[in-house]
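# no sequence for this one, just the structure:
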């Protein structure tokens with residue numbers, strides 16, 4: 001078995017410059033031109049193995065970002081304009097998610113053949129992987145069409161979307177028109193490229209104290225998937241609009257990290273656009289912020305642990321030169337020792353008789369950012385109110401953020417007593433050059449209360465734009481239609497609009513060297529802004545996406 005899919009090996013992210021120091025001949029998986037994975041045998045499964053290996057070496061754990069807006073974004077107006085009539089012809093829309101129901105009518109031409117160029121299913125190891133990749137199975141358009149003609153398609157192409165999220169996201173961006181269901185994707189004539197991400201390894205879940213039955217995905221698989229879809233599009237010399245509808249709170253929230261680096265790079269390439277969800281964490285009470293400016297230079301943070309949450313982690317991020325000491329007190333008033341910052345130390349504490357334990361890594365600096373970071377991991381945590389006491393040992397002013405896990409990794413029974421709704425965009429939505437998309441209710445023009453809010457931890461403007469994301473009609477597995485809500489489907493909606501701009505620019509010959517970042521700036525310029533708001537802001541970014549306004553402004557140049 002390839003080590004990249006073997007749970008007996010950790011996947012550790014390394015710089016490609018370090019490959020000679022680690023390579024044994026069969027333990028390296030290339031991710032892109034900058035990073036690779038080295039597959040390290042799992043030994044003791046001790047949580048303090050995070051400490052032996054740096055925090056940023058372990059891939060983050062990603063969660064999904066969603067659970068008839070075409071006229072609202074000006075799409076219908078553009079498509080009815082005979083001089084525009086942009087439906088995505090010649091453009092590829094790439095979805096990296098939970099897979100796709102390839103048999104659904106939303107992804108087939110009128111003659112019944114598929115609109116999907118390829119499905120790379122990372123979860124299936126019995127077939128042939130894509131050229132240059134070492135795991136999963138690739139199903140080409142020809143193979144999918146053969147399956148669709150057969151009496152038992154799944155016997156030929158057994159790739160399925162058991163979750164439904166990927167199918168819905170793909171349909172919002174590029175589903176075929178169905179008048180009976182009052183449904184159309186944004187670019188119903190675009191081709192689709194699908195990556196079904198494999199679930200996160202159990203050893204990664206154990207390192208970050210994520211329940212084994214939690215549905216989540218691995219940052220490294222997303223990066224490798226991005227490499228696949230962009231290489232595929234370049235081989236065809238066609239523009240590509242990529243949608244990432246998942247994110248994580250395991251991050252410095254400042255646009256740094258392996259995924260952010262790669263998506264920043266891709267967005268500056270010609271003909272390559274990346275749209276990313278802001279997540280749905282704003283109203284979940286999972287973010288805390290404090291700026292301690294007066295003596296005594298300490299702060300106490302209270303949070304409640306729900307009875308359902310037996311495993312979870314917290315991440316505290318501050319700024320150099322702060323050096324923070326931390327002490328945690330359980331609901332039964334037992335407390336840890338004060339833990340001082342170290343280069344790679346890991347401390348374990350036990351509470352009461354129920355086996356409640358806490359592991360604390362207080363990093364003097366985290367390698368990717370250089371900033372101090374404290375990782376707190378809880379096992380069998382006592383239900384009730386816990387207290388974290390943070391002290392600057394240099395007795396100077398300091399500020400800090402703490403984030404709980406995103407998505408369904410914890411229940412709504414675990415939360416901060418004094419939460420902060422800002423700086424709640426999940427990574428990689430904090431990346432600088434991709435289009436970060438928040439969601440609004442297109443029926444009443446209000447931002448969804450759960451949709452992630454900016455800015456980044458370092459004050460960079462995110463989100464970029466707001467797109468419709470409330471009860472969008474979508475395809476669901478089994479040939480049915482339903483609705484989807486959240487910033488993930490808003491990102492899909494925006495990805496379709498990126499594809500429309502690419503069609504105008506490249507196949508139509510209006511701007512043949514356009515980059516994804518160029519498209520993003522055009523979208524920002526065409527956004528609808530109200531007189532009551534100051535733009536950009538941390539809720540709406542630069543306003544509501546509106547492609548007809550974009551083209552009207554271009555026509556007036």
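Yep, that arrived. Every value quoted in this text rests on a predicted model; they were computed, and no experiment measured them.
# Return the residues in contact with the residue nearest the centre of the chain.
Among the residues of the chain, residue 247 comes closest to the average C-alpha position under CA atoms, centre = their mean, at 2.5 Å. The contact partners of residue 247, taken as CB atoms under 8 Å, 6 or more residues apart in numbering, are 62-63, 65, 276-279, 406, 425-429, 452. No exception for glycine: its C-beta is placed from N, CA and C like everyone else's.
# With respect to residue 199, which of these is nearest?
Nearest to residue 199 among the contacts of residue 247 is residue 62, at 10.4 Å by CB to CB.
# Quick one: residues contacting the closest one.
Taking CB under 8 Å, 6+ apart as the definition, contacts of residue 62 comprise 200, 216, 217, 218, 219, 222, 246, 247, 248.
# ok, how many other residues are close to residue 539?
18 (other CB atoms under 10 Å).
# so how far is residue 527 from it?
Residue 539 sits 13 Å away from residue 527, going by CB to CB, to the nearest Å.
# Can you name the residues that contact residue 477?
Counting by CB under 8 Å, 6+ apart, the residues that residue 477 touches are 101, 104, 160, 161, 162, 164, 167.
# who wins for neighbours among those residues?
Those, ranked by neighbours (other CB under 10 Å): first place residue 167, 31 neighbours.
# could you dump the contacts of residue 247 to JSON lines with pLDDT?
Output for the contacts of residue 247, formatted as JSON lines (pLDDT from 0 to 100):
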{"residue": "62", "pLDDT": "95"}
{"residue": "63", "pLDDT": "95"}
{"residue": "65", "pLDDT": "89"}
{"residue": "276", "pLDDT": "98"}
{"residue": "277", "pLDDT": "98"}
{"residue": "278", "pLDDT": "98"}
{"residue": "279", "pLDDT": "97"}
{"residue": "406", "pLDDT": "97"}
{"residue": "425", "pLDDT": "98"}
{"residue": "426", "pLDDT": "98"}
{"residue": "427", "pLDDT": "97"}
{"residue": "428", "pLDDT": "97"}
{"residue": "429", "pLDDT": "98"}
{"residue": "452", "pLDDT": "98"}
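# Return the subset of these lying in strands.
Among those, the subset assigned to strands under DSSP state E consists of 62, 63, 276, 277.
# Averaged over its residues, which helix or strand of this protein has the lowest pLDDT?
With mean pLDDT, DSSP states H and E as the measure, the helix or strand of the chain carrying the lowest mean pLDDT is helix 75-80 (a mean of 69).
# Name the next helix or strand following that one along the chain.
For helix 75-80, the following helix or strand on the C-terminal side (DSSP states H and E) is strand 92-97.
# Return the list of helices and strands in contact with that next one.
When contacts are defined as 3 or more CB pairs under 8 Å, 6 or more residues apart in numbering; DSSP states H and E, strand 92-97 packs onto helix 165-174, strand 191-196, helix 219-236, strand 240-244, helix 487-505.
# List the residues that contact the nearest residue to residue 172 once chain neighbours are set aside.
If the residues on either side of it in the chain are set aside, residue 172 comes closest to residue 492, at 4.0 Å by CB to CB, 6 or more residues apart in numbering. Listed by CB under 8 Å, 6+ apart, the contact partners of residue 492 are 95, 169, 170, 172, 173, 243, 245, 275.
# Reformat the residues you listed as TSV; add pLDDT.
Formatted as TSV, these follow (pLDDT from 0 to 100):
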residue	pLDDT
95	98
169	97
170	98
172	96
173	97
243	98
245	98
275	98
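# Of those residues, which pair is most distant in space?
In the contacts of residue 492, two members sit farther apart than any others by CB to CB. They are 170 and 275, at 13.3 Å.
# and the host helix or strand of residue 521 with strand 240-244, angle?
Taking DSSP H and E as the definition, one finds residue 521 inside helix 516-525. Using axes from the mean of the first three to the mean of the last three CA atoms, to 10 degrees, the direction of helix 516-525 lies 70 degrees away from that of strand 240-244.
# what angle do helix 516-525 and helix 487-505 make?
Between the axis of helix 516-525 and that of helix 487-505 there is an angle of 100 degrees, by the same axes, to 10 degrees.
# list the buried ones in stretch 413-422?
For stretch 413-422, burial by neighbour count (16 or more other CB atoms under 10 Å) applies to 414, 415, 416, 419, 420, 421.
# any chance of the contacts of residue 62 in a markdown table, plus pLDDT and distance to residue 179?
As requested, those are exported to a markdown table (pLDDT from 0 to 100; distance: CB to CB, whole Å):
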| residue | pLDDT | distance to residue 179 |
| --- | --- | --- |
| 200 | 97 | 40 |
| 216 | 97 | 37 |
| 217 | 98 | 35 |
| 218 | 97 | 40 |
| 219 | 97 | 40 |
| 222 | 98 | 35 |
| 246 | 97 | 31 |
| 247 | 98 | 34 |
| 248 | 98 | 39 |
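# PyMOL command to pick out the buried ones of the residues you listed?
PyMOL command restricting the contacts of residue 62 to the buried ones, with burial defined by 16+ other CB under 10 Å:
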select buried, resi 200+216+217+218+219+222+246+247+248
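# Determine how far the last residue of stretch 453-466 lies from the first.
Distances were taken as CA to CA, to the nearest Å; on that basis the terminal residues of stretch 453-466 are 11 Å apart.
# contacts for it?
For stretch 453-466, the external contacting residues (CB under 8 Å, 6+ apart) are 252-255, 278, 282, 317, 401, 421-425, 429-430, 432, 435-440, 447, 452, 490, 494, 520, 523-524, 527, 536, 538-545.
# same check, this time on stretch 528-538
Residues outside stretch 528-538 that contact it (CB under 8 Å, 6+ apart): 422, 453-455, 461-463, 540-546, 549.
# run the last query once more with 7 Å
422, 453, 454, 455, 461, 540, 542, 543, 544, 546, 549 (CB atoms under 7 Å, 6 or more residues apart in numbering).
# cool, and stretch 113-120?
Looking at stretch 113-120 with CB under 7 Å, 6+ apart, the contacting residues turn out to be 92, 100, 102, 107-109, 130, 136, 138-141, 144-145, 148, 159, 191-196, 228, 232.
# Now it: buried residues?
Of the residues in stretch 113-120, those scored as buried under the neighbour-count criterion (16+ other CB under 10 Å) are 114, 115, 116, 117, 118, 119, 120.
# what's the offset of it from the middle of its chain?
Shown here is stretch 113-120, whose average C-alpha point lies 23 Å from the average C-alpha point of the whole chain (CA atoms, centre = their mean, to the nearest Å).
# does residue 328 have beta-bridge partners, and which?
According to DSSP bridges, the residues that bridge with residue 328 are residue 388.
# Spit out the contact partners of it.
For residue 328, the contacting residues are 335, 336, 358, 376, 386, 388, taking CB under 7 Å, 6+ apart as the criterion.
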